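**Q** No sequence on hand, only this structure:
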């Protein structure tokens, strides 16, 4: 019995190793799926990627806090003529505990000018993510600012 005690203590104290690379790849796929959802009229699905306590910080605007305010933001942007948004995650860093992450992303917003011609705005951004109790990733901070157009 006493010979097994050290083995039990050692095995009981080891931390569960998180595969941060796999979690990062999973999270980048979640971000891509979110971008696809944002291109549709499915408000509920698009909203579902944010945590209830999320904060959105868009250029020149005060922080938008919580899902009710974020819902209002999405509803108002959907009324802007020609509005489209898409993004692509560039890289991700997941905490060693596997419960928090941040992502560097680029996005593109298209709106129509007063003559109905599309205008494109390029942005760079950072998103912060939290892994929820059910294992899903939710965005908790979404912030971006202007970037130069991509080189062609």
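**A** Perfect, thanks for sending it. None of these values were measured; they are calculated from a predicted model.
**Q** Burial check on residue 46, number of neighbours?
**A** Using other C-beta atoms under 10 Å, residue 46 has 21 neighbouring residues. To be clear about C-beta, it is placed using only N, CA and C from the backbone, and glycine gets the same treatment.
**Q** which residues touch it?
**A** When contacts are counted by C-beta atoms under 8 Å, 6 or more residues apart in numbering, residue 46 touches 34, 37, 38, 40, 74.
**Q** And stretch 139-152, what's buried?
**A** Buried residues in stretch 139-152, counted by 16 or more other C-beta atoms under 10 Å: 139, 140, 141, 142, 143, 144.
**Q** Please give the element, helix or strand, for residue 107.
**A** Per DSSP states H and E: residue 107 is located in strand 100-112.
**Q** Buried residues, the helix or strand just after that strand. List them.
**A** As assigned by DSSP H and E, the chain's next helix or strand after strand 100-112 is strand 118-131. By neighbour count on 16+ other C-beta under 10 Å, the buried set for strand 118-131 is 123, 125, 127, 128, 129, 130, 131.
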